[in-house]
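S.K.: here are the coordinates; sequence isn't available:
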DNA sequence: CTTCGTATTTTGTTGCAACAAAAAGTCGAT
DNA sequence: ATCGACTTTTTGTTGCAACAAAATACGAAG
């Protein structure tokens, strides 16, 4: 499991401040610290992370180049507010990449992986009951990426991670109403069944269904916001 | 068509040196100025591009974060030398992304696009006859990206571009022997036929075939090198 | 209350010097 | 010649100040 330490965002010991700042900022974005539309400045990030402006600027630039942050003006970078077209595009990209990862992962998944996924699903269900949505989102991501990691295609996983970072903040904005619907429970069960049967097509289909489900929810939220 | 000016790599007028340096360096890599294994340093790039070290460092960092350059040591970035596993991974990623782009593009392709592609194919054939391989590679890229652009999914096109940048230098290393085989001519004809008939599955298949063909060539080159 | 133009503040970018660490070069022993 | 330890050079990173430009705050006119 990924480390859950350092949740505040402060930089730990790392000889390369730029890299550390990048990871810390990425972590904050993926955890929902920022909301879509929030503005990030070099100096504010530098102060938050406890570094000087050079590594802070490095981190912001890098996140911007992968569209995890976007320009809202020549001197203004914000957490992206996804338009309906953006959402549609990121969804077809996710289906292509995550579908591929899931299919490739089937070859390398064993009973231990199913056990791990079951444990994660229990955590997800627990979070839903307790209305601990940060936990739900966290364990949901763990669930997906545990499978993707089995593809043994590390750059593909990085690419997928970058897409999640783009939609993450919008997802946070959706909770808590969103989570009430037990979103993802069914498709996760489909996924676990597919792995047990070694059916790569079914595993792909399960993740595709999961992504499409999330897309529909997010789209209706975007529409509700744009009409308001 | 993309601008072919500024081929030397010198920065033109651009208020943002970092962005300009990034584009100039990217351009040089995609044009085969560097060979796999070539070392790039902040100071050498700065001098070549005629900027100070900050924008040069920005450009290198950004290219490194998208794997167009890789670390060969803690203080050494080089143009990547793709292993067989790297090659395999980038190929499945390309098939997923470019297949998607091609399929989406079918909806928006018209007779004008076929005309454009035909003109580009003539340029490719001309380059092959004249053994002007830089021209072949250039027009081949134009051919592919003209189609991908019609998908109207700009981030997807960016993602594809990043993958091309990873394999580009290896492709250059392959020429000129490689080009003798009229690589790509048949799959390009398949692609143009598919567009004329509006057959999105066939268009996807044509580009997949093209990518797989290139993969096989590159793989045998990698094997030949690793045994030497 | 809204809108437009102006003044003030904030902000990104750039160049540069200092530092530590890594790479390249050197030379001697075997 | 080959290898290894040591010295020299090169290199990435960082912090910082200056500058130009954009964002913001403010206030006057409608």
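M.R.: Okay, I see it. Keep in mind that this is a model prediction, so the values were computed, not measured. Numbers count the residues shown, from 1 in each chain, chains lettered A, B, ... in the order given.
S.K.: relative to its centroid, which residue of chain A is most remote?
M.R.: Going by C-alpha atoms, centre = their mean, the residue of chain A most distant from its centre is residue A:52, 27.7 Å out.
S.K.: now for the closest residue to that residue other than its chain neighbours: which residues touch it?
M.R.: The shortest distance from residue A:52 to any residue that is not its chain neighbour, by C-beta to C-beta, 6 or more residues apart in numbering or on different chains, is 6.0 Å, and that residue is residue A:46. In this view, the C-beta of every residue, glycine as well, is placed from N, C-alpha and C. Residue A:46 sits next to A:52, A:53, A:55, A:56 when contact means C-beta atoms under 8 Å, 6 or more residues apart in numbering or on different chains.
S.K.: weed out the non-buried ones from these.
M.R.: A:55, A:56 (16 or more other C-beta atoms under 10 Å in any protein chain shown).
S.K.: secondary structure, distance to residue B:213 and pLDDT for the contacts of residue A:46 - can I get that in CSV?
M.R.: Below are the contacts of residue A:46 laid out as CSV (DSSP: H, G, I helix; E, B strand; the rest coil; distance: C-beta to C-beta, whole Å; pLDDT from 0 to 100):
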residue, secondary structure, distance to residue B:213, pLDDT
A:52, coil, 50, 95
A:53, helix, 48, 96
A:55, helix, 44, 96
A:56, helix, 45, 97
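S.K.: contacts with DNA strand C among the contacts of residue A:46, please.
M.R.: Subset of the contacts of residue A:46 in contact with DNA strand C: residue A:53, counting by C-beta under 7 Å from any atom of the strand.
S.K.: contacts for stretch A:185-204, please.
M.R.: In this structure, residues lying in contact with stretch A:185-204 by C-beta under 8 Å, 6+ apart are A:99, A:102-107, A:109, A:111, A:113-114, A:117-118, A:121, A:124-125, A:128, A:143, A:147, A:205-207, A:209-210, A:213.
S.K.: among the residues you listed, which ones are in helices?
M.R.: Secondary-structure check on the contacts of stretch A:185-204 using DSSP state H: residues within helices are A:99, A:102-106, A:111, A:113-114, A:117-118, A:121, A:124-125, A:128, A:143, A:147, A:205-207, A:209-210, A:213.
S.K.: would you mind giving me the ChimeraX syntax to select the buried ones in these?
M.R.: To isolate in ChimeraX the members of the ones in helices among the contacts of stretch A:185-204 that are buried, counting by 16+ other C-beta under 10 Å, one can use:
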select /A:99,102,103,104,105,106,113,117,121,124,128,143,147,205,206,207,209,210
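S.K.: what subset of the ones in helices among the contacts of stretch A:185-204 is also close to chain B?
M.R.: When the ones in helices among the contacts of stretch A:185-204 are filtered against chain B using C-beta under 8 Å from any C-beta of the partner chain, the residues retained are A:99, A:104.
S.K.: now do the SS call for the one residue sitting closest to the centre of chain A.
M.R.: Compute the mean C-alpha point of chain A, and by C-alpha atoms, centre = their mean the closest residue is residue A:164, 3.4 Å away. The three-state label for residue A:164, taken from DSSP: H, G, I helix; E, B strand; the rest coil, comes out as helix.
S.K.: quick check, it in contact with residue A:141.
M.R.: Yes: counting by C-beta atoms under 8 Å, residue A:164 touches residue A:141, with 6.9 Å between them.
S.K.: return the residues in contact with the residue nearest to residue A:64 when sequence neighbours are not counted.
M.R.: Spatially, and ignoring its direct neighbours in sequence, residue A:64 is nearest to residue A:77 (5.8 Å; C-beta to C-beta, 6+ apart). Contacts for residue A:77 (C-beta under 8 Å, 6+ apart) come out as A:39, A:40, A:41, A:60, A:64, A:69, A:70, A:71.
S.K.: interface residues of chain A facing DNA strand D?
M.R.: Near DNA strand D, the residues belonging to chain A are A:16-20, A:39, A:51-55, A:58, A:72-76 when assessed by C-beta under 7 Å from any atom of the strand.
S.K.: apply 10 Å and report the result again.
M.R.: Applying C-beta under 10 Å from any atom of the strand, we find that chain A lies next to DNA strand D at A:11, A:14-22, A:39, A:41-43, A:46, A:49-59, A:71-78.
S.K.: what about those residues, which are in strands?
M.R.: Using DSSP state E, the members of the residues of chain A next to DNA strand D that fall in strands are A:39, A:71, A:72, A:73, A:76, A:77, A:78.
S.K.: of those, keep whichever come out buried.
M.R.: Looking at these with 16+ other C-beta under 10 Å, the buried ones turn out to be A:77, A:78.
S.K.: greatest separation within the ones in strands among the residues of chain A next to DNA strand D: which pair is it?
M.R.: Of all pairs drawn from these, the one with the longest distance (C-beta to C-beta) is A:39 and A:71, at 11.1 Å.
S.K.: below-threshold pLDDT in chain A: ranges please.
M.R.: Where chain A drops to pLDDT under 70, the residues are A:1-14, A:176-181, A:227-228.
S.K.: contact residues of it facing DNA strand C?
M.R.: For chain A, the contact set with DNA strand C under C-beta under 10 Å from any atom of the strand comprises A:15, A:39-47, A:52-54, A:56-58, A:60-61, A:64, A:71, A:73-77.
S.K.: let's see 6 Å
M.R.: Chain A comes close to DNA strand C at residues A:41, A:42, A:43, A:53, A:57, A:75, as judged by C-beta under 6 Å from any atom of the strand.
S.K.: neighbour-wise, give me the winner out of those residues.
M.R.: Across the residues of chain A next to DNA strand C, neighbour numbers were computed from other C-beta atoms under 10 Å in any protein chain shown; residue A:57 holds the maximum, 21 neighbours.
S.K.: ok, now how distant is that one from residue B:42?
M.R.: Between residue A:57 and residue B:42 the distance, using C-beta to C-beta, to the nearest Å, works out to 15 Å.
S.K.: domain assignment for chain A?
M.R.: Structural domains of chain A, as assigned by automatic domain parsing, span the residue ranges A:17-78, A:84-227.
S.K.: closest one to residue B:157 among those?
M.R.: For the domains of chain A, the distance to residue B:157 is smallest for domain A:84-227, at 10.2 Å, taking C-beta to C-beta.
S.K.: which residue is it, in chain A, that comes closest to DNA strand D?
M.R.: residue A:73 (2.2 Å; C-beta to the nearest atom of the strand).
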